[in-house]
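Q: A structural model of the following input is requested.
(2 chains)
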Amino acid sequence: MDWLLEPIQIPHMQRALLVGLLAGFANGYVSAFVVLKKSALMVGSLSHSLLPGIAIGVLVAGLTPASAFIGALVAGLIVGLGSLLLSRASRLGHETALAILYTCAFAAGVLLLSRVGDNVDLNQYLLGNILFASDADVVTVFWVSAIAITALTALRRPIIVSLFEPSAAQALGIPVRWLNLLLFGLLILVLISTLQAVGCILAIGLMVTPAATVYLLTDNTNALFWGGGLLGAVGSVTALLVAHHFNLGPSTSIVLTLGIFFALAYVLSPKYGLARHLRGRSATSRAAVPTP
Amino acid sequence: MTIDLNQQACGEPQGHELTIRGLSVRYGTNLALEDVHLTLRCGRCAGLIGPNGAGKSTLMKSLSGLVKPIAGQISWRETTLGRGSSEIAYLAQREEVDWNFPLTVRGLVEMGRYPHLGWWRAYRKRDAEVVDAALEAMRLSDLAGRQICALSGGQQQRAFLARALAQEAHILLLDEPFTGLDEPAQELLSELLNQLAAEGRLVIASHHDLDSVPTIFDEVVLLNRRVVAAGPVDQIYTPENLSRCFQSEAKRLSTSKVEGESASPSFAA
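A: Model prediction:
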């Protein structure tokens, strides 16, 4: 019990746990859409492309949560929408265009941040600073999580139909394109608020792994959303406590904990796990042997 | 209590008309459909026949509002058919569906209620009853809890048909529904489609197996960018009309309008 209670006495751990809980839940919930949309790579690319926006935001308006937030938002939108335009106006695939844009953006971000100098620590943005989360960070994460989860829950019906079968959704008059843009915008919002918790590089783990884990365990779409949120929150809080007691890096612990959950689900899932897969494979190979 | 899905279909089966006038669709520089005129009535099961690239899918997509025509008018019960009408259900080819989506058969059929529920409203008892009746009509009640990925090809088609029934659609558009089905599944699907038509709906399905056309459909539309011929199978489905429909590009241009004309009804495939 002390193991749990002792860290809660410390103010910076309180804030860190609160941010972990909120960001973990919001990311886990949103990760269901990422998994269903099969756009994990896109999220990874976007998380890297936020960096130059943050650097420019800090250069222009000084280091405040607001400047970093707005900078990241603009950079994310430019890279995200830019890649769509680039792939539409040329023969390049969307992923190719995205890969080019985000690596350039990331490089520019590293360059800029190293120029900005003392007041911004590059590592802080790459690996996160959840232990130094301020009250303002907690408030930001709270509102972003609340907005994203409310909007996505309210619009889940049309969003799911358009993810499952865009043509049928369109035929029913659902504004598929607008919903996609909204989904995209909310993903970027949550991603930016997560930056504080686990940093650019690891944000993708938090935004993909929880629902991907649940995806291996259930066939229920609802379980994917709420289960993803729950797993994200529980995983983040557990990881923070473990990291505190064993003196580990908090962000790496969060992502690795979620990774361990995923590995367990992958190996042990009764329906979609490794064991089942191997059993299925050997059954088919036996069946494929021609009978004399 | 069970819901009678038939009552939701047309009251007088023969009374409702789908009319297409002068429909043209262009993809880039390619004219996919040119001046298509066609009238189909409720209560019919119509086969859409034509060579590859004849515009079968395009015609169905324009009917369901997925493709914007450059000219022409589509009217249903004498009013212009707009996009987003729940009167029409479009069943895409099976390859176009993500079968790994975590969804049960019942969940899929419940999607058919969304247009009636709007985006937020909760399910009511009547919605559940309509879903039950749709599952029952497509003989899927036992499979309601099953994942869509664990269905056979024929069951997958019936699940999507059940969704169309739950949607209370009058016009069912099916893109190559018989492709890849084994014989018993084909027979069952054919029986169900004809049943749905007999109850007063209009069923339109594209089809490529020329031999089975007379056993499945009572009406046929021979399409090759234009309507080559359309009408009851026993009058229209003749070798002459078929060869006109499947002839080469050069000859097609010289084909005059032959809509409604019929040759000798002696065709045996």
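Q: near residue 200, how many other residues are there?
A: Unless you meant another one, I'm taking chain A. Per other C-beta atoms under 10 Å in any protein chain shown, the neighbour tally for residue A:200 reads 24. No exception for glycine: its C-beta is placed from N, CA and C like everyone else's.
Q: that's the other chain; I wanted chain B
A: 20.
Q: which SSE is it in?
A: For residue B:200, there is no helix or strand it lies in under DSSP states H and E.
Q: could you do the one 3 residues further on as well?
A: Take DSSP H and E as the rule and residue B:203 turns out to sit in strand B:202-206.
Q: ok, now residue B:37?
A: strand B:30-41.
Q: the nearest residue to residue A:93 once chain neighbours are set aside: what's it in contact with?
A: Ranked by C-beta to C-beta, 6 or more residues apart in numbering or on different chains and with sequence neighbours excluded, the top spatial neighbour of residue A:93 is residue A:87, at 6.0 Å. By C-beta atoms under 8 Å, 6 or more residues apart in numbering or on different chains, residue A:87 lies in contact with A:93, A:94, A:96, A:97, A:98.
Q: SS state for residue A:87?
A: Put simply, residue A:87 is helix when judged by DSSP: H, G, I helix; E, B strand; the rest coil.
Q: contact residues of chain B facing chain A?
A: Residues of chain B lying close to chain A (C-beta under 8 Å from any C-beta of the partner chain) are B:61, B:64-66, B:83-86, B:88-90, B:92, B:96-98, B:101-104, B:107, B:111, B:114-115, B:117, B:119-120, B:147.
Q: in strands only, show me these.
A: Assignment to strands by DSSP state E places the following of the residues of chain B next to chain A there: B:88, B:89, B:90.
Q: ok, those residues vs chain A, which is closest?
A: residue B:90 (5.0 Å; C-beta to the nearest C-beta).
Q: what residue ranges in the stretch 1-150 of chain B score low on pLDDT?
A: Applying pLDDT under 70 to the stretch 1-150 of chain B picks out residues B:1-15, B:82-84.
Q: which residue ranges of the stretch 1-150 of chain B form helices?
A: Here the stretch 1-150 of chain B has its helices, by DSSP state H, counting those that start in this stretch, at B:5-8, B:56-63, B:105-111, B:114-117, B:125-137.
Q: so how far is the longest one from its chain's centroid?
A: Relative to the mean C-alpha coordinate of its chain, helix B:125-137 is positioned 22 Å out (C-alpha atoms, centre = their mean, to the nearest Å).
Q: now stretch B:204-221
A: Its chain's average C-alpha position is 11 Å from that of stretch B:204-221, according to C-alpha atoms, centre = their mean.
Q: other residues contacting that stretch?
A: In contact with stretch B:204-221 (C-beta under 8 Å, 6+ apart) are residues B:38, B:40, B:44-49, B:56-57, B:60, B:63, B:171-179, B:186, B:190, B:193-194, B:197, B:227, B:229-234, B:236-237, B:242, B:269.
Q: indicate the residue of chain A located nearest to chain B.
A: Counting by C-beta to the nearest C-beta, chain A gets nearest chain B through residue A:173, at 2.1 Å.
Q: contacting residues around the spatially most central residue of chain A?
A: With distances taken as C-alpha atoms, centre = their mean, residue A:207 lies nearest the centre of chain A, 2.0 Å away. Applying C-beta under 8 Å, 6+ apart to residue A:207 gives the contacts A:27, A:30, A:31, A:34, A:43, A:47, A:187, A:190, A:191, A:194.
Q: which of those tops the neighbour count?
A: residue A:27 (36 neighbours).
Q: residue B:222 looks like it's in a strand, true?
A: Yes - secondary structure of residue B:222 (three-state DSSP): part of a strand.
Q: closest to residue A:67 out of the contacts of residue A:87?
A: Sorting these by distance to residue A:67 puts residue A:98 at the head of the list, at 25.5 Å, by C-beta to C-beta.
Q: just to be sure, that closest one is in a helix?
A: Yes - Residue A:98 forms part of a helix when assessed by three-state DSSP.
Q: quick check: it touching residue A:42?
A: Yes - between residue A:98 and residue A:42 there is a contact under C-beta atoms under 8 Å: 6.3 Å.
Q: what do those two both touch?
A: The contact lists of residue A:98 and residue A:42 share residue A:80, where a contact means C-beta under 8 Å, 6+ apart.
Q: could you list every residue that touches residue B:190?
A: B:178, B:215, B:216.
Q: in the host helix or strand of it, what counts as buried?
A: Residue B:190 belongs to helix B:183-198 when assigned by DSSP H and E. Applying a neighbour-count criterion of 16 or more other C-beta atoms under 10 Å in any protein chain shown, one finds B:185, B:186, B:188, B:189, B:190, B:192, B:193, B:194, B:196, B:197, B:198 buried in helix B:183-198.
Q: for the contacts of residue A:87, which one is nearest residue A:147?
A: So of the contacts of residue A:87, ranked by how close each gets to residue A:147 (C-beta to C-beta), first place is residue A:98, at 25.4 Å.
Q: the residue nearest in space to the middle of chain B bridge partners, please.
A: The residue lying closest to the centre of chain B (C-alpha atoms, centre = their mean) is residue B:173, at 2.2 Å. On the basis of DSSP bridges, residue B:173 is bridged to residue B:90, residue B:204.
Q: quick one: it from residue B:161, how far?
A: As defined by C-beta to C-beta, to the nearest Å, residue B:173 lies at a distance of 11 Å from residue B:161.
Q: and residue B:122, what does it touch?
A: Applying C-beta under 8 Å, 6+ apart, no residues contact residue B:122.
Q: what do you get for residue B:157?
A: B:91, B:94, B:174, B:177, B:181, B:185, B:189.
Q: then stretch A:237-246 to CSV, C-alphas only?
A: What follows is stretch A:237-246, C-alpha atoms only, in CSV (Å, rounded to 0.1, in the frame of the first residue of the first chain):
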residue,chain,number,x,y,z
VAL,A,237,-0.3,5.1,-14.2
THR,A,238,1.4,1.7,-13.5
ALA,A,239,4.4,2.6,-15.5
LEU,A,240,4.8,5.9,-13.7
LEU,A,241,4.7,4.2,-10.3
VAL,A,242,7.2,1.5,-11.4
ALA,A,243,9.4,4.2,-12.9
HIS,A,244,9.3,6.2,-9.7
HIS,A,245,10.3,3.2,-7.5
PHE,A,246,13.0,1.9,-9.8
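Q: about what we covered before: mutual contacts of residue B:173 and residue B:161, please.
A: residue B:91.
Q: and of the contacts of residue B:157, the nearest to chain A?
A: Among the contacts of residue B:157, and counting by C-beta to the nearest C-beta, the member closest to chain A is residue B:91, at 8.3 Å.
Q: surely the closest one touches residue B:172?
A: Yes - in this structure, residue B:91 is within contact of residue B:172 by C-beta under 8 Å, at 7.1 Å.
Q: returning to what we had before: of the contacts of residue A:207, which belong to helices?
A: Residues of these located in helices (DSSP state H): A:27, A:30, A:31, A:34, A:43, A:47, A:187, A:190, A:191, A:194.
Q: and the fourth one, what pLDDT?
A: Pointing back at residue A:34 there. Among the per-residue scores, residue A:34 holds a pLDDT of 89.
Q: same thing with the first one?
A: According to the model's per-residue confidence, residue A:27 sits at a pLDDT of 92.
Q: and the nearest residue to it once chain neighbours are set aside, how far from residue B:141?
A: Of all residues not flanking residue A:27 in the chain, residue A:206 sits nearest, at 4.4 Å (C-beta to C-beta, 6+ apart). Look at residue A:206 and residue B:141: by C-beta to C-beta, they are 42 Å apart.
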